[in-house]
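J.: Provided below are the primary sequence and the corresponding predicted coordinates.
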Amino acid sequence: MKIGFCAKLDRIGEVAAAGFDYIEPQVAAAAAWTEEEFEKYLDAVKNAPIPAPSFNVLFPGEIALLGPEADEQVISRYLHGAFDRVKKLGGKVVVFGSGRCRKRPETVPYGDAFRRLIEITRLIGEIAAQYGLTIVIEPLNRGETNMINSVAEGACLAAAANHPNVKLLADYYHVAVEGHAPEDLARVGGIAHCHIATLKGRRAPLEAEEGFKTLFAAMKQTNYDGLISVEGGIDDLGRDGPACVRLLKTLWEEA
């Protein structure tokens, strides 16, 4: 099992030195770089000892996906530019979290918002396919968004979008905050990517939590062969990173 760490791309050397197998940077950050900055980061990735196979934070906060402010042309134009860079940087998986962007305006009925989100998700999948990328829907807790707050809802959105390049992610922190059962992963047919952090404080795991074992067991039940990205705070990456990697790989083997 490969364990990665979510961080800015300029920390790829630190992440590698800490023992992680890969880095997971942000799409929105890559999309905002100047051409000069992009070339610099492209060289950094090419010369780094670890790759950047997955990216998160698909959209910047100012792009609305639902409601009257949503503009499909703006969305499409952004995605083409962003996905082109992600592909060149070696990305394969892109996390569709972006809770602020997909938040349902209070004036929009839930059913209308969900139907629109299906259309947007399918559009994202169609554009991602042109760049050889897989999109994974990230269910987020209700403190971050009011649309898609559980693995089950994420699975329903993926099924409704009905696109081969649209799949599902499970984030242990969000699952735990919402009080959902990690076993749901098996019930909905599995996931294609995983984020993990402690429930308390949303930290990089340094000690085992019972929920980690349950999550990993459910993932193994569905023959999971994707990646596991640590998305949590860490005090000292060089000191605590190796312990985090050892813990998660041990828990995976024992699950």
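T.: Thanks, I have it.
J.: Please make it C-alpha for all contacts and neighbour counts, starting now.
T.: Will do.
J.: Leaving out sequence neighbours, find the closest residue to residue 24.
T.: Sequence neighbours aside, residue 6 is the residue nearest to residue 24 in space, at 4.4 Å (criterion: Cα to Cα, 6 or more residues apart in numbering).
J.: need the contact list for the one you found.
T.: 23, 24, 25, 229, 230, 231, 232 (Cα atoms under 8 Å, 6 or more residues apart in numbering).
J.: does residue 79 sit in a helix, a strand or a coil?
T.: helix (DSSP: H, G, I helix; E, B strand; the rest coil).
J.: Could you count how many residues lie near it?
T.: Applying other Cα atoms under 10 Å, we find 21 residues neighbouring residue 79.
J.: Please tell me how far it sits from residue 58.
T.: For residue 79, the distance to residue 58 equals 9 Å [Cα to Cα, to the nearest Å].
J.: One more: residue 162?
T.: 20 Å.
J.: Same question for residue 22.
T.: 18 Å.
J.: just residue 30 next, same as before
T.: 10 Å.
J.: and what of residue 187?
T.: Using Cα to Cα, residue 187 is found at 27 Å from residue 58.
J.: who's more crowded, the two?
T.: residue 58 (22 against 12).
J.: Run through the residues that contact the more buried one.
T.: For residue 58, the residues meeting the contact criterion (Cα under 8 Å, 6+ apart) are 26, 27, 28, 94, 95, 96, 97, 98.
J.: Pull up the pairing partners for the longest strand along the chain, direction included.
T.: Criterion DSSP state E: the longest strand present in the chain is strand 166-171. Using DSSP bridges, strand 166-171 pairs in its sheet with strand 134-137 (parallel), strand 193-196 (parallel).
J.: quick one: buried residues of the helix or strand following that strand?
T.: Remark: after strand 166-171, the chain's next helix or strand is helix 172-177, criterion DSSP states H and E. By neighbour count on 16 or more other Cα atoms under 10 Å, the buried set for helix 172-177 is 172, 173, 174, 175, 176.
J.: What is the nearest of those residues to residue 65?
T.: Distances from residue 65 to the buried residues of helix 172-177, taken as Cα to Cα, are shortest for residue 174 (21.3 Å).
J.: OK, contacts around that closest one?
T.: Residue 174 neighbours (Cα under 8 Å, 6+ apart): 139, 140, 141.
J.: Against residue 195, how distant is it?
T.: From residue 174 to residue 195 the distance is 9 Å (Cα to Cα).
J.: Indicate which one of the strands paired with strand 166-171 is closest to residue 213.
T.: Taking the strands paired with strand 166-171 one by one with Cα to Cα, strand 193-196 is closest: 11.8 Å.
J.: Now do the helix or strand just after that closest one, average pLDDT.
T.: Next helix or strand after strand 193-196 toward the C-terminus (DSSP H and E): helix 210-221. Helix 210-221 shows a mean pLDDT of 94.
J.: List the contacts of helix 210-221.
T.: With contact meaning Cα under 8 Å, 6+ apart, helix 210-221 is reached by 172, 176, 182, 183, 184, 185, 186, 190, 191, 251, 252, 255.
J.: Please apply the same query to stretch 73-85.
T.: With contact meaning Cα under 8 Å, 6+ apart, stretch 73-85 is reached by 27-28, 30-31, 38, 63, 65, 123-124, 127-128, 131, 133.
J.: Most neighbours among the contacts of residue 6, which one is it?
T.: Compared across the contacts of residue 6, residue 230 has the highest neighbour count, 29 neighbours, by other Cα under 10 Å.
J.: correct me, but it touches residue 197?
T.: Yes: Residue 230 is within contact range of residue 197, at 6.1 Å (criterion: Cα atoms under 8 Å).
J.: what is in contact with those two at once?
T.: With Cα under 8 Å, 6+ apart as the test, residue 230 and residue 197 both reach 204, 205.
J.: which residue ranges form the helices in the protein?
T.: Secondary structure of the chain (DSSP state H): helices at 12-17, 27-32, 35-47, 72-88, 110-130, 151-161, 172-177, 184-187, 210-221, 237-254.
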